[in-house]
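Undergrad: Okay, sequence plus prediction incoming.
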Amino acid sequence: MSNQNNKKSVQVWDIRNLLKQFDIFPKNYKYYVEALTHNSYNNEKKVGYTYQRLEFLGDALIQKLISVFLFKNQNLDEQQMTEIRKNLVKTETFRKASEELNLINYAFIGKGINLEKDTLKIKCDLFESIAGAIFLDLGEDAVFKFLENTILKYYYNNELVDPIDYKSRIQELFQSNISSRLKKAHICYQTVELEDGSFKAVLHFDNIVYGTGSGKTKKDAQKAAAKMAYEKYVYQNEEGNKENE
């Protein structure tokens, strides 16, 4: 067996051990070899395949499975589902998951690639291509298990960056529903630092308090205040609609 074949065997064995921790047990290793092969490697070694087709498939699968997952959450409306999906299915999130899994260390990459400059897209691509390989090998349930242990973990742990932009949302609500008398009024956040180093924010509009919130930073506290104001507004509207039925 050549050194190159030895290298492939080791790397595919490693990816098997990586997935094993998620109770995912690969059967057909050719999918994973393809999923780990960058086009630069094919250009140099002429192996006849790259991860690009599996990346395309993985991207579509992730979009679908995340959409179904969010749809089954009855507490989310259409706009909330769209915003959360946007933050789950994006380059930064895929890159973060890929880095945690160290996928680039398993990949077959040509010598001409500058790993210091080109790794962002490669890391993202590898995450998608591995999802595609898992689907072809084991089906959708295994892909969802993979997502649960990677990008959905950020959703469960509230680690997404601005999954819902409540500050923008409440700004839009005020602008679209206020009377002409208040057209020049502005939302104001009164933010103070507490004794424990955290912050408290109070959202004012036209000298009326609409929400309060706290957080480790001023920004987090203001987001929490905007969230309270938004949820209060939505709840009041829902109650009003019920009374008019």
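TA: On my side now, so go ahead.
Undergrad: what's stretch 207-224 in contact with?
TA: 162, 166-167, 170, 189, 191, 194, 197-204, 225-230, 232-233 (C-beta atoms under 8 Å, 6 or more residues apart in numbering). Glycine gets a C-beta too; all of them are placed from N, C-alpha and C.
Undergrad: Which residue ranges of this structure form strands?
TA: 187-193, 199-205, 208-215 (DSSP state E).
Undergrad: which of those strands is buried the deepest?
TA: strand 199-205 (a mean of 20; mean count of other C-beta atoms under 10 Å).
Undergrad: Partner strands of it, with direction?
TA: Note on strand 199-205: by DSSP bridges, its sheet partners are strand 187-193 (antiparallel), strand 208-215 (antiparallel).
Undergrad: residue contacts, I109?
TA: 38, 40-41, 115, 122.
Undergrad: among the residues you listed, which two are most distant?
TA: Comparing every pair within these by C-beta to C-beta identifies Y41 and L115 as the most remote, at 12.7 Å.
Undergrad: Kindly state the pLDDT recorded for the residue sitting nearest the centre point of the chain?
TA: Taking C-alpha atoms, centre = their mean, the centroid of the chain lies closest to L88, which sits 1.9 Å from it. Looking at L88, its pLDDT stands at 93.
Undergrad: related to what we said a few turns ago, columns distance to L70 on top of the strands paired with strand 199-205, output as a markdown table?
TA: Below are these laid out as a markdown table (distance: least, C-beta to C-beta, whole Å):
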| stretch | distance to L70 |
| --- | --- |
| strand 187-193 | 28 |
| strand 208-215 | 24 |
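Undergrad: if we compare these, which one ends up closest to F127?
TA: Across these, closest to F127 is strand 208-215 (C-beta to C-beta), at 30.0 Å.
Undergrad: now the closest one: mean pLDDT?
TA: On average, strand 208-215 scores 90.
Undergrad: now it, how far from the centre of its chain.
TA: 27 Å (C-alpha atoms, centre = their mean, to the nearest Å).
Undergrad: How about exporting it as CSV, limited to the C-alpha atoms?
TA: Provided in CSV are the C-alpha atoms of strand 208-215 (Å, rounded to 0.1, in the frame of the first residue of the first chain):
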residue,chain,number,x,y,z
ILE,A,208,-43.1,55.7,29.0
VAL,A,209,-41.3,52.5,30.1
TYR,A,210,-41.9,49.6,27.8
GLY,A,211,-39.3,47.1,28.9
THR,A,212,-36.4,46.4,31.3
GLY,A,213,-33.6,43.9,31.1
SER,A,214,-30.3,42.9,32.6
GLY,A,215,-27.1,41.4,31.2
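Undergrad: what's the weakest-modelled helix or strand in this protein?
TA: The weakest-scoring helix or strand in the chain, judged by mean pLDDT, DSSP states H and E, is helix 3-20 (a mean of 65).
Undergrad: could you pull out the helices for this protein?
TA: For the chain, helices defined by DSSP state H occupy the ranges 3-20, 29-35, 39-45, 52-71, 78-88, 91-101, 115-138, 140-148, 151-156, 166-177, 218-244.
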